[in-house]
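K.L.:
Structure for the following, please:
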Amino acid sequence: MAARRTRSPARSKATREFVSEVEEILERLRADLADLADQRAGGELEPELANRLFRSAHSLKGLAGMFGFEGMSGLAHHLEDILDGLRMGRLAASAPALDLLEPAVELVASLLERAGSAKAQAGAAEEVARLVERIEAALHAGPAAARVAAPEIDERLLRALTEYEEHRLRESLRRGRWIHLVEASFEILSFEEGLADLTGAAREIGEVISTLPAPGEVPEAQIRFSLLVASDADAQALSTLLDHPTASIRCVHRGASDAPSERLEHSTHAAESAQRGAAERSASARAAGPQPDASESDPEDASVSPALDEPAREPSGELDSLKSISETVRVDIRKLDELMNLVGELVIQRGAIAAIAAQLLAEPASARFGRELGKLHKTLDRKLQELQAGVLEVRMVPLRQVFEKLSRVVRRLRRDSGKDVRLEIRGGDTELDKLIVEELADPLMHVVRNAFDHALEPPAERIAAGKPAEGTIRLEALQRGNHVVIQVADDGRGIDVDAVRSRAVACGLVAPDALLTRKETLDLIFQPGLSTSSEVTETSGRGVGMDVVRENVTALGGLVYLDSTRGAGTTISLTLPITLAIIQALTVGVADQRFAIPLTAVLETLLVGPEAIQRSEGREFLNLRGDALALRRLHAEFGLPAPAADARQAVVVVGLGDARAGLLVDRLEGQQDAVIKPILGPVRSVPGIAGATELGDRGTVLVLDVAALIEDAARRREAA
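P.N.:
As a prediction, the model looks like this:
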C-alpha cells in the first residue's frame, strides 16, 4: 500500500471553480467530437450534435472571458466560428476546418493546466496565435455545403424562419424528405402539455424544424400552433402516425419519392412508442412548464414563438417552487482529503481511548470507570465506522470515467492509423477511490496505445492469419475482495519472447548466457528503454511507456501482470486497492520494532517451528497445503536482530492477485484502523516501506509495502 500522493500547490478558490467548470465543458466537447468524427466518416451529421458542440464552445468562451483568460476565450471564439458554420450549413462535413476542432480542444486543455501561472499563460499566446491563424485560413478555404432551392414552399413561410431553421429546411430538402405544416388547436389552460405531446410525437417520426403561431380564427379559450415537420412519411401516413384530434396536416413540399414501406413501418413503431410515452411527457410538461425545443431551433433564439406572449394563467393557489431539481453537489477533492484526514485523526484517538479503558479495567479501584469508558468507546467506534464508510463512499467514483476517455483515444488512433479496431468495455460501474482513478488514467492509456500500435496487426495481416479484419481490445474491471482488477486484452499477434530477449541483450539488460524463464522474459517489457518496435511513431516505439505503467501502479500499492500467447493476443492485468485512505492493518512485532501490514493484503496467519521451513538453492519455503510458499524474514530485510534458532515464528501470508508470499515475524499484536501518511524528511523512499501510521499511545509504526515485497520475492525466486 503506497502513501497518498502530494498534491500540487493550492490554487485560489475562484481558479479552482473555473478549472472545474472548464474540465466539464472539455469532457463534453471531447465526447461530442468523437461522435462527430464517426458521423463525418458515415457522411451524415446529426443537427443536435453540431448544436451541442456550438453551445459548449459558447459556454467556454464566456467562462474564459469572465475569468480573464483572453487566450482561451479567443480560441473558443474561433471554435464557435467553425461550429457555427457547420450547424448553419456554411461548412460541409468534409471541410478542413473541422479537422482543427480536436487540436483546439487539446490546446484549451493545455492552457487550463497552466491556469494558475500568469507566466505560463503568457508563453502560450504564440501557440494560440498559430492555431487561430490555421483556423482562419481553413475557414476561408473550406468548401461550403451545397444549397438546395425550395421553389414549392411559400415565401411567407420562409420569411418566418430563422437562419438556422432555414438551413435545417434546406438540408431536409437535400435529403429528399417530405415537408409538412402541422396545425393544431389547444386549450389555453393546457396548451403547454398539449404542444409538448404533439411535438414529442412529431420528433419520433421526423424533424421538427420550427414551431410557430398559426394564423386564423379560433375559439376564445383556445390557441393554435403550427409545426414545420420534415419526415420520410407523406401527409396521409403522418396523420395516422400522429393521431391528434385537432391536427391538420398540409404538405408544402413533396419528397423525392413516395416513402418506402420500411421507413413507414419504422415510423409507425416510433409513433406507437411516442404515444405510449405521451402520458409521461404530459406529466413532465405540467411539472416543468413550457418545453422549448433547443435542439431544433436556433440555440441563440430558443423561444417557442417570437410573436407570442405567454398566456395568462388562472391562480393556482400555490407559489412556484424555487428548489433546485438537482440533488448533487460538486465537491473539491481537497475538501474530501481534509475530511478524511480528520476522520483519520479520530481513528487514532479512538485507539488511545481503547488503551486507556483497558488500563482502567486492569486496576480494581478503577475497573468501574474502565467499564463505563469501554461502553462509550464502543458507541464511538460504531459511529466512527459509519462516518468513515460515508466519507469513503463519497470518494468512490466509477471507472467508467477513465474508460470513456480511453474510448476516445481508441477512436482517434483508429482514425490516424487506419486500423479497424473495436473497443469492448465491461465493468465500467466498478468503483475506486477518486485519487486512484486520477493516477490510473495515464498507465491505462499507455497500455491501450501499446496494444493498438504493437499488438494489433494491420487488416491484411489479420486476414492472412485467419483472423477477422477488425481487431479487438477488451477493457474489463472486476472487484475481488478489497481490490479491483483491470484487464486490457487484445487479440493481436502476441509477444515474440525471442525478440524481447534479443532486444534486452542488445540493450545490455541481460547477459547473453542468462537463463530466463518465459515469465522473466515477458517481464523485460517493463524495463526502462526496452522497445521491440523498429520504428518510432507518434504512438509508441521510444521505449517509454510500460516501465511507467509498472512504476505508477506500484506507487498505488498495486501489481502488474502480463500474459501473452504468440498469435492469439496479450493480456495485461492491473491489481489495485479500492482506496488509499483509512485501512485496517495487522500489527506485527520483529525484535523490538513494530510494523503494520494492510489487512487487505493478508490472506491468513499461522505459527510454525523451525522444522517446517524448507530450504532450496538459498531460498526458504513453506509447504502450504501442497504449494511452495516463498518466505521473507523481516528481521533480515530491515537489519534487525534475529530470533533464537529454535524459536517458533508467525507467518503472515500476503497476496495481491495471484502472487503470494510469506512474511516471517516474531509475534502478532492485533489489528486496528490505520491512516497511512508519507514519510517526510531527508529519507523519503525506503524499499519495502509505504509510509507510517500512528497507533494511539503506542507511537508511530512503519507500514509495509506489500506489493513491493511480493514483487521482490518473485524476482529473487526467478533469479535463483
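
K.L.:
chain center to stretch 346-362: distance?
P.N.:
How far stretch 346-362 lies from its chain's middle: 42 Å, per Cα atoms, centre = their mean, to the nearest Å.

K.L.:
and if you look at stretch 331-342?
P.N.:
Worked out by Cα atoms, centre = their mean, stretch 331-342 lies 21 Å from the chain centre.

K.L.:
What are the buried residues along it?
P.N.:
Under the neighbour-count criterion of 16 or more other Cβ atoms under 10 Å, stretch 331-342 has L336, D337, L339, M340 buried. Backbone N, C-alpha and C define where each C-beta goes, glycine included.

K.L.:
avg pLDDT for it?
P.N.:
What stretch 331-342 shows for mean pLDDT is 78.

K.L.:
for stretch 608-619, same thing?
P.N.:
Here stretch 608-619 scores 84 as its mean pLDDT.

K.L.:
mind listing what's buried in that stretch?
P.N.:
V608, I613.

K.L.:
and what of stretch 44-60?
P.N.:
45, 47, 49-60.

K.L.:
Which parts of the stretch 601-720 of the chain are helices?
P.N.:
Taking DSSP state H, counting those that start in this stretch, the helices of the stretch 601-720 of the chain run over residues 634-637, 706-719.

K.L.:
Out of the ones you listed, name the one with the poorest average pLDDT.
P.N.:
Mean pLDDT is lowest for helix 706-719 among the helices of the stretch 601-720 of the chain, at a mean of 68.

K.L.:
Any chance of CSV for the buried residues of stretch 44-60, columns secondary structure, pLDDT and distance to E604?
P.N.:
Formatted as CSV, these follow (DSSP: H, G, I helix; E, B strand; the rest coil; pLDDT from 0 to 100; distance: Cβ to Cβ, whole Å):
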residue, secondary structure, pLDDT, distance to E604
L45, coil, 78, 60
P47, helix, 78, 62
L49, helix, 85, 55
A50, helix, 84, 60
N51, helix, 84, 59
R52, helix, 87, 54
L53, helix, 89, 56
F54, helix, 87, 60
R55, helix, 87, 57
S56, helix, 88, 53
A57, helix, 88, 58
H58, helix, 87, 60
S59, helix, 87, 55
L60, helix, 88, 55
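
K.L.:
ok, these vs A612, which is closest?
P.N.:
Nearest to A612 out of those is S56 (Cβ to Cβ; 65.7 Å).

K.L.:
OK, contacts around the closest one?
P.N.:
Residues near S56 by Cβ atoms under 8 Å, 6 or more residues apart in numbering: I25, R28, L29, D32.

K.L.:
Closest one to V402 out of the buried residues of stretch 44-60, please.
P.N.:
If you rank these by distance to V402 using Cβ to Cβ, S56 comes first, at 21.2 Å.

K.L.:
The residue lying closest to L242 once chain neighbours are set aside: neighbouring residues, count only.
P.N.:
Of all residues not flanking L242 in the chain, A201 sits nearest, at 5.5 Å (Cβ to Cβ, 6 or more residues apart in numbering). For A201, the neighbour count with other Cβ atoms under 10 Å is 23.

K.L.:
before we move on, what SS does A201 have?
P.N.:
State at A201, reduced to three classes by DSSP: H, G, I helix; E, B strand; the rest coil: helix.

K.L.:
surely it meets H244?
P.N.:
Yes. The criterion here is Cβ atoms under 8 Å, and A201 meets it with H244 at 7.5 Å.

K.L.:
just the strands in the stretch 151-300 of the chain please.
P.N.:
Along the stretch 151-300 of the chain, counting by DSSP state E, counting those that start in this stretch, strands occupy 178-187, 206-213, 222-231, 248-253.

K.L.:
among these, which is nearest G494?
P.N.:
strand 206-213 (48.7 Å).

K.L.:
For that closest one, list every residue counted as buried.
P.N.:
G206, E207, V208, I209, S210, T211, L212.

K.L.:
chain center to it: distance?
P.N.:
Taking mean C-alpha positions (Cα atoms, centre = their mean), strand 206-213 and its chain are 36 Å apart.

K.L.:
what's that strand packed up against?
P.N.:
helix 163-174, helix 191-205, strand 222-231 (3 or more Cβ pairs under 8 Å, 6 or more residues apart in numbering; DSSP states H and E).

K.L.:
In the shortest one, which residues are buried?
P.N.:
By neighbour count with 16+ other Cβ under 10 Å, strand 222-231 contains the buried residues I223, R224, F225, S226, L227, L228, V229, A230, S231.

K.L.:
which residue packs closest to the fourth one, ignoring adjacent ones?
P.N.:
Translated: S226. The shortest distance from S226 to any non-neighbouring residue, by Cβ to Cβ, 6+ apart, is to A214 (4.2 Å).

K.L.:
Return the member of the buried residues of strand 206-213 nearest to T565.
P.N.:
Checking the buried residues of strand 206-213 against T565 with Cβ to Cβ, the nearest one is E207 at 50.3 Å.

K.L.:
Let me see the contact set for the closest one.
P.N.:
Residues near E207 by Cβ under 8 Å, 6+ apart: P47, R168, S172, R177, V229, A230, S231, E296.

K.L.:
quick one, what contacts the fifth one?
P.N.:
By Cβ under 8 Å, 6+ apart, V229 lies in contact with I179, H180, L181, V182, A202, I205, G206, E207, V208, I209, L238.

K.L.:
What distance do you get for the closest residue to the third one other than its chain neighbours to E204?
P.N.:
Take L181 and drop its neighbours on the chain: the residue closest to it by Cβ to Cβ, 6+ apart is R250, 4.8 Å away. If you measure R250 against E204 using Cβ to Cβ, to the nearest Å, the figure is 20 Å.
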